[in-house]
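>>> Coordinates for the following, if possible.
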Amino acid sequence: MPWHYVENGQRKGPVEDAEMRQLAAVGAVSPETLVWRQGMANWQVYAEVAAQPFPSTNPHQAKTAEAFNRAYCSQCGRSFALEDMLRFEGAYVCAACKPAFFQRLKEGSRLSTAREYAGFKIRLGAKLIDGVIIWVVQMAFALLIGVLWLRDVSSGQTSIAIVAQILIMVSQVLVGAIYTCWFLVKFGATPGKMACRLKVITPEAESVSLGRALGRHFAEMLSGMILLIGYIMAAFDEEKRALHDRICNTRVVRA
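Model prediction:
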């Protein structure tokens, strides 16, 4: 029976089982994607209806298939098999967290069980804070380079002036990349995002790797180069993703 699934708020399909598996293998269909096929009373997340692991000799695809049978606890953040967890209001709770969870629920506490994606405005505020910090550091490096080369430049050696300009540009690129990557890998957020209580995560709620952080940094340049449209996309995406989030498959959530 063919499948139908939801992507960016729009229904897609029908697709056959083989094509559905391929979509899952490449990440186009995630464990949280809503799906439906004939015989199902309602739309459900794909992780609950994917009965069998995907038959594949490709290790990457096998790893992806295994992930569909697991979920992350909304309380402790650890990964468990779906059959060992309780689903509550769209999120999962592991066996170890159930007693404390229900106790807090009984006491009337407000429980956070689902991701709260950071909207465009709060992300803009965090970006402005980071922008000011990076600008100050970049200007400090530019001033240092200028002072070190000032005597040679004033004596008429234009080649030294060109070298100084190149060094300044390289230092500006390095400062931005090191700043962003170090904080994302170490803390999951830059100082601007920390101030706004935001965090950058993968779809599996894990911290980003150095490679992904570096790729996201340079992808963010692309978001700015196209008239800031890449940033504005976050205001209309269902998961508040900017262009660089889509390219590197990341999410920005409230911590």
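>>> would residue 30 count as being in a strand?
No: assigned with DSSP: H, G, I helix; E, B strand; the rest coil, residue 30 falls outside any strand and is coil.
>>> Go ahead and confirm it touches residue 202.
No: at 11.0 Å, residue 30 and residue 202 do not qualify as touching, with contact defined as C-beta atoms under 8 Å. Using the backbone N, CA and C atoms, a C-beta is placed for each residue, glycine as well.
>>> what about the two, which has more around it?
Taking neighbours as other C-beta atoms under 10 Å, residue 30 and residue 202 compare with residue 30 leading, 19 against 14.
>>> Next, give phi and psi for that one.
Main-chain torsions, residue 30, degrees, to the nearest 10: phi -100, psi 170.
>>> Please tell me how far it sits from residue 169.
Distance, residue 30 to residue 169, by C-beta to C-beta, to the nearest Å: 39 Å.
>>> for residue 120, same thing?
Per C-beta to C-beta, residue 120 is found 30 Å from residue 169.
>>> and if you look at residue 246?
In this view, residue 246 and residue 169 are 28 Å apart by C-beta to C-beta.
>>> if you count what's nearby, which of these two comes out ahead?
In this view residue 246 and residue 169 are compared by other C-beta under 10 Å, and residue 246 has more residues nearby, 17 against 11.
>>> Domain-wise, how is the chain divided?
Here the domain assignment for the chain is 3-106, 120-254, based on automatic domain parsing.
>>> Tell me the pLDDT of the nearest residue to residue 120 once chain neighbours are set aside.
Nearest non-adjacent residue to residue 120, counting by C-beta to C-beta, 6 or more residues apart in numbering: residue 235, 3.8 Å away. With respect to pLDDT, residue 235 has a value of 91.
>>> Quick check: phi and psi at residue 235.
The phi/psi pair for residue 235 (degrees, to the nearest 10) reads phi -70, psi -20.
>>> Ok, the one 5 residues further on next?
With angles defined as degrees, to the nearest 10, residue 240 sits at phi 60, psi 40.
>>> Excluding chain neighbours, what is closest to residue 129?
Closest to residue 129 by C-beta to C-beta, 6+ apart is residue 192, at 3.4 Å.
>>> Surely the one you found is in contact with residue 122?
No: assessed by C-beta under 8 Å, residue 192 is found out of contact with residue 122, at 10.4 Å.
>>> The two - which one has more neighbours?
The neighbour count for residue 192 versus residue 122, taken as other C-beta under 10 Å, is higher for residue 192 (20 against 16).
>>> What are the boundaries of the helices in the stretch 101-250 of the chain?
Assigned by DSSP state H, counting those that start in this stretch, the stretch 101-250 of the chain shows helices spanning 120-154, 158-187, 191-195, 210-225, 229-232, 243-248.
>>> My read is that residue 247 contacts residue 212, right?
No: in this structure residue 247 lies outside contact range of residue 212 using C-beta under 8 Å: 10.2 Å.
>>> ok, how many other residues are close to residue 245?
Here the number of neighbours of residue 245 (other C-beta under 10 Å) works out to 24.
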